[in-house]
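Peer 1: prediction below, plus the sequence it came from.
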Amino acid sequence: MASRAVVVGPHQLQREEGKQKKVAAEGKNRQVLQDISNLVVTAPAAQGKIHAKLPAPLEKNKKPVVEVINGGLMAGKSGAAKKAVAAVKEKNAVSGRKSREGASRKNARAFTSILSARSKAACGLTIVEYLDEIYQFYKLTEDENRVHEYMALQPEINPKMRSILVDWLIEVHHKFELMPETLYLTINLIDRFLSVKVVPRRELQLVGISSMLLASKYEEIWAPEVNDFVCISDNAYGKEKVLVMEKAILGKLGWCLTVPTTYVFLVRYIKASSAPSDDELMENMVYFLAELGLMDYSATILYCPSMMAASAVYVARCTLDRTPFWTETLKHHTGYSEDELMDCAKLLHTFHSAAAESKLKAVYNKFCSPEHGAVALLSPPGSNLSAK
């Protein structure tokens with residue numbers, strides 16, 4: 001899946017063809033993402049309710065099936081993806097569940113957001129009374145579940161593999177139309193698990209889909225099912241393996257899923273930054289930069305979630321030429337001065353500058369779409385930031 005630690009074998013689709021037809025009859029609607037490559041990430045055109053923009057497909061008969069062989073990558077040819085697409089079309093044709101979910105998902109919110117709102121209503125209190133204390137608590141506890149350098153403990157995994165995995169998961173997240181909370185929690189679970197457990201290269205993709213399954217159960221109203229993740233990974237792992245890995249992750253992390261991720265701080269800092277008329281463009285730019293930060297191992301290790309969020313807001317303001325780039329209001333709510341953010345901000349600026357040419361395109365393609373304001377097409381801040 002992502003770390004090229006994955007063998008996504010087309011022959012597995014042939015063996016499971018009968019099973020897929022049965023699943024189609026049950027009304028499933030998830031679509032198979034094909035292979036993940038550190039050269040290109042491709043997927044067939046979205047079907048049904050899923051209209052995610054994906055990288056352009058490779059030429060006919062040149063869809064690579066990537067295998068990890070002694071740390072290297074070998075590209076082969078396969079037509080099995082066509083069978084996967086056909087199976088998906090059958091599923092969509094009989095999917096009554098899809099139409100029911102589609103209407104509900106449009107206005108869906110994550111459980112964390114809903115429970116917060118209901119708690120306020122039940123107590124007859126406004127959240128404003130507690131916001132400062134809540135975020136002070138988040139700042140105090142963010143280091144408790146933050147990971148530090150762990151690649152030295154992983155003999156078969158490296159930062160590039162992690163980036164490939166995250167790139168693929170961002171694409172899966174977008175295709176499943178999941179909440180942003182789910183994505184940030186997924187990456188948090190992956191990093192925390194890898195920091196305490198040695199994982200073979202062939203199981204890195206399994207860790208990814210199991211972490212997203214857990215995060216979905218925690219945050220989503222309409223969580224994907226286990227079989228959806230089995231299908232999206234081209235049957236690289238069976239349902240039983242996913243469930244076993246899910247249990248292993250929970251055990252190693254002590255069932256601790258309530259953590260302050262970067263997203264928790266982004267929500268607060270965006271509001272502190274933007275006037276109501278600016279919200280949509282500013283939000284999209286900040287989320288674009290933050291997701292670029294999620295992709296990079298060094299950024300995740302070096303900077304805590306609150307600093308990553310504050311730096312994303314700062315670089316977004318520079319990119320959109322919102323002056324002053326850092327205000328007293330933002331300094332108060334984030335707890336960071338402009339100088340304290342500069343190193344992290346320059347790193348995010350570097351990611352933005354390189355995004356168009358990067359071989360990992362999930363974030364860039366996602367934020368090139370009009371749905372996200374096409375903010376990825378905007379020029380990096382240039383002199384606004386590099387002169388600092």
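Peer 2: In hand now; what should we look at?
Peer 1: domains of the protein?
Peer 2: The record's domain parsing of the chain by automatic domain parsing lists 1-78+110-119+149-260, 262-386.
Peer 1: flag the shaky bits of the stretch 251-388 of the chain, pLDDT-wise.
Peer 2: 275-278, 383-388 (pLDDT under 70).
Peer 1: over to the stretch 101-250 of the chain?
Peer 2: Ranges of the stretch 101-250 of the chain meeting pLDDT under 70: 101-129.
Peer 1: any chance you could map the helices in it?
Peer 2: For the stretch 101-250 of the chain, helices defined by DSSP state H, counting those that start in this stretch occupy the ranges 111-123, 128-141, 159-175, 180-194, 204-219, 226-232, 239-252.
Peer 1: would CSV of the ones you listed with distance to F325 and mean neighbour count be doable?
Peer 2: For the C-beta atoms, the positions are set from N, CA and C on the backbone; glycine is no exception. Formatted as CSV, those follow (distance: least, Cβ to Cβ, whole Å; neighbours: other Cβ atoms under 10 Å):
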stretch, distance to F325, mean neighbour count
helix 111-123, 29, 12
helix 128-141, 22, 13
helix 159-175, 27, 24
helix 180-194, 24, 24
helix 204-219, 32, 25
helix 226-232, 40, 21
helix 239-252, 40, 16
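Peer 1: tell me which stretches of this structure form strands.
Peer 2: 64-69, 72-77 (DSSP state E).
Peer 1: the first one - what's its average pLDDT?
Peer 2: The average pLDDT within strand 64-69 is 32.
Peer 1: residue contacts, the nearest residue to I170 once chain neighbours are set aside?
Peer 2: Closest residue to I170 apart from its sequence neighbours, by Cβ to Cβ, 6 or more residues apart in numbering: A362 at 4.3 Å. Going by Cβ atoms under 8 Å, 6 or more residues apart in numbering, A362 touches 41, 167-168, 170-171, 174.
Peer 1: re the thing from before, now distance to S353 too, for the helices of the stretch 101-250 of the chain, in CSV please.
Peer 2: CSV is the format used below for the helices of the stretch 101-250 of the chain (distance: least, Cβ to Cβ, whole Å):
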stretch, distance to S353
helix 111-123, 33
helix 128-141, 30
helix 159-175, 17
helix 180-194, 22
helix 204-219, 27
helix 226-232, 31
helix 239-252, 35
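Peer 1: quick one: closest of those to F265.
Peer 2: F265 lies closest to helix 128-141 among the helices of the stretch 101-250 of the chain, at 7.0 Å (Cβ to Cβ).
Peer 1: outside of that closest one, which residues touch it?
Peer 2: By Cβ under 8 Å, 6+ apart, helix 128-141 touches 260, 264-265, 268, 306, 333, 335.
Peer 1: what about 7 Å?
Peer 2: 260, 264-265, 268, 306, 335 (Cβ atoms under 7 Å, 6 or more residues apart in numbering).
Peer 1: and which of those residues is nearest S274?
Peer 2: Using Cβ to Cβ, the contacts of helix 128-141 come closest to S274 at R268, 11.7 Å.
Peer 1: so the closest one touches H332, yeah?
Peer 2: No. Using Cβ atoms under 7 Å as the test, R268 is too far from H332 to be in contact (11.4 Å).
Peer 1: these two: which has the busier surroundings?
Peer 2: Between R268 and H332, counted using other Cβ atoms under 10 Å, the more crowded position is R268 (19 against 10).
Peer 1: leaving out chain neighbours, which residue sits closest to the more buried one?
Peer 2: Nearest residue to R268, sequence neighbours excluded (Cβ to Cβ, 6+ apart): Y135, at 5.9 Å.
Peer 1: ok, that neighbour to Y269 distance?
Peer 2: For Y135, the distance to Y269 equals 10 Å [Cβ to Cβ, to the nearest Å].
Peer 1: go on, Y130?
Peer 2: 17 Å.
Peer 1: show the contacting residues for A354.
Peer 2: Applying Cβ under 7 Å, 6+ apart, no residues contact A354.
Peer 1: same question for A223.
Peer 2: Under the criterion of Cβ under 7 Å, 6+ apart, the contact list for A223 reads 216-217.
Peer 1: just A376 next, same as before
Peer 2: 288, 355, 364, 367-368 are the contacts of A376 under Cβ under 7 Å, 6+ apart.
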